[in-house]
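Participant: Build the 3D model from these lines:
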Amino acid sequence: MLQAALAFALAAPAGLLITSPAQAAAERCWATHYGPQPPGALTAGGEVFDNNAYTAATSLTRRPQLPFGTRVQVTNVANGRSLVVRINDRGTFAQTPQEPKCLDLTDGAFGRLGGSLNPDAGHIVVTQKVLD
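Facilitator: Numbers count the residues shown, from 1 in each chain. The predicted structure follows:
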């Protein structure tokens, strides 16, 4: 009996951690990737665009707007691959209830997540979680 009570006492806090608000805050949406950019192109944050960096544009229609420099954990729902990108750009993404687009990733980040760089298959379903 004492062992069962002890097991419950230890398991209950662990269960609370699993359902913490921070973990529930992950948003499910579509991510796309940038297409070809001209040499020396600048992001909205003023940086020279690097298509191999782990950076992303967030939607101009997102409320609240993510500030430049915000780190976001992005996970491909289909394969579980995950990485952290830094927001350094803004984009104008077409939004529909069926396809809520949240991020435009560099080709480097998109490929690392397992996305196809084929223009006809250039989107993946992801979860995004703001880290800071």
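
Participant: Please determine how far D50 is located from D107.
Facilitator: Separation of D50 from D107 (Cβ to Cβ, to the nearest Å) stands at 10 Å. Heads up, the C-betas are built off the backbone N, CA and C, glycines and all.

Participant: Pick out whichever of these two has more residues nearby.
Facilitator: D107 (18 against 14; other Cβ atoms under 10 Å).

Participant: got a list of what the closest residue in space to the more buried one that isn't next to it in sequence touches?
Facilitator: Sequence neighbours aside, N51 is the residue nearest to D107 in space, at 4.8 Å (criterion: Cβ to Cβ, 6 or more residues apart in numbering). Residues near N51 by Cβ atoms under 8 Å, 6 or more residues apart in numbering: 34, 37, 106-108.

Participant: So which bits of stretch 30-41 are buried?
Facilitator: Applying a neighbour-count criterion of 16 or more other Cβ atoms under 10 Å, one finds 30-34 buried in stretch 30-41.

Participant: and which of the residues you listed is nearest to R63?
Facilitator: Nearest to R63 among the buried residues of stretch 30-41 is W30, at 17.5 Å by Cβ to Cβ.

Participant: what pLDDT, on average, does the strand ranked longest in the chain get?
Facilitator: Assignment by DSSP state E gives strand 82-91 as the longest strand of the chain. Summarised as a single mean, pLDDT over strand 82-91 is 96.

Participant: tell me what that strand is packed against?
Facilitator: Counting contacts by 3 or more Cβ pairs under 8 Å, 6 or more residues apart in numbering; DSSP states H and E, strand 82-91 is packed against strand 55-59, strand 71-76, strand 101-105, helix 107-112.

Participant: Go ahead and measure how far that strand is from the middle of the chain.
Facilitator: Strand 82-91 has its C-alpha centroid displaced from the chain centroid by 7 Å (Cα atoms, centre = their mean, to the nearest Å).
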